[in-house]
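J.: have a look at this prediction, sequence included:
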Amino acid sequence: MKGNAAAVRAPSSPKVPQMVREQYTTATEGTLVERPDSQSVYKIGIYGWRKRCLYLLVLLLLVILVVNLALTIWILKVMWFFPTGMGHLHVTRDGLRLEGESEFLFPLYAKEIRSRMDSALLLQSTQNVTVSARNSEGEVTGRLKVGPKMVEVQSQQFQINSKDGKPLFTVDEKEAVVGTDKLRVTGPEGALFEHSVETPLVRADPFPELRLESPTRCLSMNAPRGVHTKASAGKIEALSQMDIIFQSSDGVLVLDAETVRLPKLAQGTQGPSSGSQGLYEVCACPDGKLYLSVAGMGTTCQAHSHICF
């Protein structure tokens, strides 16, 4: 064989019977069998612009989460949040404990407010400080208002007690009671009382004088067991525009002194035969008026009784 490649035929392998689709169809006469068409292929998942939008949304949520976490940590740090409280405010078993200065913009409702053992309690305001007590119905039963010009107390009774609970000063609608052993008035003009005053003792300091004065009305001193007036290192003066009356309903009026002077009493005329040498006796009229009568061997009050008229 020239120039031709020898074609060698390999021995054929035994035929493997191939199963075709037609072998699974029923070969019944009169039955039409349709050949199935090729099925469409659908991809499962998110592709394209939907996938990019989903990633962008997840990234945005992650950024928001990180920002919120950072803001929360910053707020906790700035406000001083702790397991026991917030900043100077601590939660204890007895209530709330507040240290340092604090400012309240709205009303504060509390059952008890007290300071520490080693410090004072200070309530300060630019206008006024008002403390109110209310009943179960919300009505105000007592109020203390400290203003720039006046301290006002609205209550049925106002009372100041000492450390041991003794009432020092009590005021109600009817009276004011001073419970101390001594009430001292240091003003230069003293104390002014528009109504009556009940006290067992009125005394001045050791050196200044004591004055009881009523400029336009009368001055009356009454006591169930007597009025005792004493000046240890001075004199006692009673001045009046009209009358000074000493009255005893059951007893006598005693003037016990080394010298008793009545310089302005009316005097009777002295007779020519009188040897009294300038001596007089004190006579009394039926209405209580006193006058002087020239002294004699006997009483001479009847001779000058015309003075009473």
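T.: Here it is on my side, so go on.
J.: quick check, Leu57 in a helix?
T.: Yes - if the criterion is DSSP: H, G, I helix; E, B strand; the rest coil, then Leu57 is within a helix.
J.: ok, Ser293 - how many residues close by?
T.: Each residue near Ser293 was counted by other Cβ atoms under 10 Å, and the total is 23. All C-beta spots, glycine's among them, are computed from the backbone N, C-alpha and C.
J.: correction: the previous question concerned Asn135.
T.: Using other Cβ under 10 Å, Asn135 is surrounded by 9 other residues.
J.: can you pull out the strands in the chain?
T.: 81-82, 85-86, 89-91, 96-98, 129-134, 140-146, 151-154, 157-161, 167-172, 176-178, 266-267, 280-284, 290-294 (DSSP state E).
J.: what's the closest of these to Ile245?
T.: strand 290-294 (13.8 Å; Cβ to Cβ).
J.: list the buried residues for the closest one?
T.: If you call a residue buried by 16 or more other Cβ atoms under 10 Å, then strand 290-294 has these buried ones: 291-294.
J.: which elements pack onto it?
T.: strand 266-267, strand 280-284 (3 or more Cβ pairs under 8 Å, 6 or more residues apart in numbering; DSSP states H and E).
J.: in a markdown table: those strands, plus mean neighbour count, mean pLDDT and distance to Leu239.
T.: What follows is those, written out as a markdown table (neighbours: other Cβ atoms under 10 Å; pLDDT from 0 to 100; distance: least, Cβ to Cβ, whole Å):
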| stretch | mean neighbour count | mean pLDDT | distance to Leu239 |
| --- | --- | --- | --- |
| strand 266-267 | 14 | 75 | 21 |
| strand 280-284 | 15 | 81 | 23 |
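J.: got JSON lines for these, with distance to Cys301 too?
T.: Shown next, in JSON lines, are the helices and strands packed on strand 290-294 (distance: least, Cβ to Cβ, whole Å):
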{"stretch": "strand 266-267", "distance to Cys301": "12"}
{"stretch": "strand 280-284", "distance to Cys301": "4"}
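J.: which one of the strands of the chain is the most hemmed in?
T.: strand 290-294 (a mean of 18; mean count of other Cβ atoms under 10 Å).
J.: okay, it in PDB with CA atoms only?
T.: This file holds the C-alpha atoms of strand 290-294, laid out as PDB (Å, rounded to 0.1, in the frame of the first residue of the first chain):
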ATOM      1  CA  LEU A 290     -55.500 115.600 151.000                       C
ATOM      2  CA  TYR A 291     -54.600 119.000 152.300                       C
ATOM      3  CA  LEU A 292     -52.400 120.500 155.000                       C
ATOM      4  CA  SER A 293     -53.700 122.200 158.200                       C
ATOM      5  CA  VAL A 294     -51.700 124.200 160.700                       C
END
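J.: strand partners of that strand, parallel vs antiparallel please.
T.: Take DSSP bridges as the rule and strand 290-294 pairs in its sheet with strand 266-267 (parallel), strand 280-284 (antiparallel).
J.: nearest to Arg50, out of these?
T.: Arg50 sits nearest to strand 280-284 of all these, at 132.8 Å, using Cβ to Cβ.
J.: Asp250: which of the helices and strands packed on strand 290-294 is closest?
T.: Going by Cβ to Cβ, the one of the helices and strands packed on strand 290-294 nearest Asp250 is strand 280-284, 19.5 Å.
J.: centre of the chain to that closest one, how far?
T.: 69 Å (Cα atoms, centre = their mean, to the nearest Å).
J.: swap in stretch 194-201?
T.: 31 Å.
J.: okay, how far is it across that stretch, tip to tip?
T.: End-to-end distance of stretch 194-201 (Cα to Cα, to the nearest Å): 19 Å.
J.: dump stretch 114-127 to PDB, keeping only the CA atoms.
T.: C-alpha atoms of stretch 114-127 as PDB (Å, rounded to 0.1, in the frame of the first residue of the first chain):
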ATOM      1  CA  ARG A 114     -32.300  65.500 106.400                       C
ATOM      2  CA  SER A 115     -28.600  66.300 106.100                       C
ATOM      3  CA  ARG A 116     -25.600  64.200 107.100                       C
ATOM      4  CA  MET A 117     -24.400  64.200 110.600                       C
ATOM      5  CA  ASP A 118     -21.400  66.400 109.900                       C
ATOM      6  CA  SER A 119     -23.000  69.000 107.700                       C
ATOM      7  CA  ALA A 120     -26.000  71.400 107.600                       C
ATOM      8  CA  LEU A 121     -29.000  71.300 105.400                       C
ATOM      9  CA  LEU A 122     -29.200  74.400 103.100                       C
ATOM     10  CA  LEU A 123     -32.200  75.300 101.000                       C
ATOM     11  CA  GLN A 124     -31.500  78.200  98.700                       C
ATOM     12  CA  SER A 125     -33.600  80.000  96.000                       C
ATOM     13  CA  THR A 126     -33.400  83.200  94.000                       C
ATOM     14  CA  GLN A 127     -37.100  83.900  94.800                       C
END
